Structures are given as structure tokens and as C-alpha cells.
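1. below are the sequence and a predicted model; questions follow.
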Amino acid sequence: MTADATLFPRFMPRVVTTSGARIRAVVGGSGPPLLMLHGYPQTHAMWHKVAPRLAESFTVVCADLRGYGDSDKPASDATHAAYSKRAMAQDMVEVMRELGFARFRLVGHDRGARVAHRLCVDHPGAVERVAVLDISPTRRMFRATDVSFATAYYHWFFLIQPFDLPERLIGGDPVYYLRRKMGGWGSAGLSIFDPRALAEYERCFANAAMIHASCEDYRAAATIDLDHDNEDAAAERKVACPLLALWGERGVVGTQFDCLADWREVALDVRGRALPAGHYLAEEVPEDTLAALAEFLA
């Protein structure tokens, strides 16, 4: 039995070919469409504690971002455009259209929330409302970097180093790196993760192509994504749909950033609150996360 069969009962696997990649997803439930996007260094498996419950009210699509999980890992170049949040967002708009959904609700955690931010700006007609979990906007976080943030989020500055330094170092023992990284961001180490989900993260992250693609994701964030964000700021383009920000009160975002104020710089209609967790809200405090999402998405 596959991990999806046990983690996402009654969900069906789908592979959608977009203009830039083949995207792997699972789809379940009925009702208004809801797209859920994961973070680093995870896959769609991170939603297994909340997606089946949300599928009681929504048609839920949990997708692997390009470069992650079992989605394609397109070739990149010096521009890192293949892993820009613009390219990742375009994938997801095309996935939802292929599934019959021109307009949908959207939830993203970590990297997936950065894709969600870009999707809302580039495709404002596609998103009814969006929830972003445990991030402040990329541009804001880079602008506010100090010793404390750089120490806590050292991977932001490690992964953007030129090919192939981070790839070689992580590739020497990818499971150790993944476990060390994920175990340090939660509220109770690795114990918050279902062993089946953790095994999926380890299986996918052991792939050298995913290690490289995830580095390209971060390289894009520090280059082309910032260019796009700066263009938005200059043109005063903001997220127009209602936005919910949730963050862990014990995480880096919760302790070092003013999340609501940060999102109000780039979005017109913002609300949100802290949850009693570290970084991995959907796996640390699934009931709190579910309640907040269900209220907002209804």
C-alpha cells in the first residue's frame, strides 16, 4: 500500500502536465475547490492531518511543487527562472484549470506560502481567499535580516550558494540533513511527525535532483523573486483577496517578525493569529490549524 493510500484515504492520485512540468497531486472530497501547497523540505504529505477533514467540505488538491516530491525537477540556469515563484505559481494555476477549477481557495505553508503569495498577485482572478502559514513576505524577511534571523534561518544563505556547494554537502547525508533541519524547527523535535510522512520526506529528499531543485528554489528567492517583489512594490500591486496569516508563537516568524504588519504591507485585507506551535502548524497543532482554516475558508 502506498503512503498516499494510508495518509490520504479516499483521495485519488493525479499527474497534470503543465507548460513547464508534470505536477503530482492527490485530490479528494467534494465542494468548493481548495489547493494546498507544502513547504521545504517536505511534500504534499504534510497536509495528511488536515486535508481529509477539509475534504468533508471542499474538493481538496494537495500538490507537490515543481522540484519537490514526485513532481518534475526541470533544468535550471543562471537566472533561476525555472524555480521562480512565478513559474511555480503558473504550474498550480494550470493544474487547477486542468482539474476544472478556474477559481479556488488557496493555502500554503513555508515555500508553498511564497508560491501562494506570487499566485495571488500574478493571477488575482484565480484566488477567492488565501491562507499563508508561518511566513512573512520574502522581501520583508530579507530586508529585516540581522544576526538572530541569519542564525535561525542559516539555510536561506547556505542554499543560495553557487552550484554545487550546498548540493554536495547535503548530498553526503541527505537524511541526516533533513532530520536535523526538521527536528530543529518544531516544538518537540521529530516526534511531531507521523513516521509514514517522515518516511516520505526522507524518500523524496534522498533524490539528488530534489536537493538541487530545492537549492534552486532558494536561489530564485534571493534573485529573480526579489526582482518580481520589487516590481510589485514599485507598481503598488498587492494581494487583493482576503488573506489569513497563521504562525507559530514559538517559531522564528512568531518571535522575530510582526507577521500581520508585514502582510499588510503587501495585501489589502489581512487577518490572522499565532498558534501554540513552532514552524510545522499542520503537523504540530492540526486541530488548531484546522479550526482556523475552516473558519476562514468557509
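-> Okay, I see it. Residues are numbered from 1 along each chain as shown.
2. quick one, strands of the stretch 51-200 of the chain?
-> All strands of the stretch 51-200 of the chain, identified by DSSP state E, counting those that start in this stretch, fall at 59-63, 104-109, 127-133.
3. redo these as CSV? Include distance to Arg97 and mean pLDDT.
-> For every residue, glycine as well, the C-beta is placed using N, CA and C. Output for the strands of the stretch 51-200 of the chain, formatted as CSV (distance: least, CB to CB, whole Å; pLDDT from 0 to 100):
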stretch, distance to Arg97, mean pLDDT
strand 59-63, 12, 98
strand 104-109, 10, 99
strand 127-133, 13, 98
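4. adding mean neighbour count and distance to Ile23, write these out as a markdown table.
-> Shown next, in a markdown table, are those (neighbours: other CB atoms under 10 Å; distance: least, CB to CB, whole Å):
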| stretch | mean neighbour count | distance to Ile23 |
| --- | --- | --- |
| strand 59-63 | 27 | 6 |
| strand 104-109 | 27 | 15 |
| strand 127-133 | 23 | 18 |
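5. which stretch among those comes nearest Glu231?
-> Glu231 lies closest, by CB to CB, to one member of the strands of the stretch 51-200 of the chain: strand 127-133, at 19.4 Å.
6. got the angle between that closest one and strand 104-109?
-> 10 degrees (axes from the mean of the first three to the mean of the last three CA atoms, to 10 degrees).
7. can you give me the neighbour number for Met210?
-> Here the number of neighbours of Met210 (other CB atoms under 10 Å) works out to 22.
8. quick one: the helices in the stretch 151-298 of the chain, in order.
-> Ranges of helices in the stretch 151-298 of the chain, per DSSP state H, counting those that start in this stretch, are 154-158, 165-171, 174-183, 195-205, 208-221, 224-235, 252-256, 259-264, 281-284, 286-297.
9. re earlier: looking at the strands of the stretch 51-200 of the chain, which is closest to Asn207?
-> strand 59-63 (17.5 Å).
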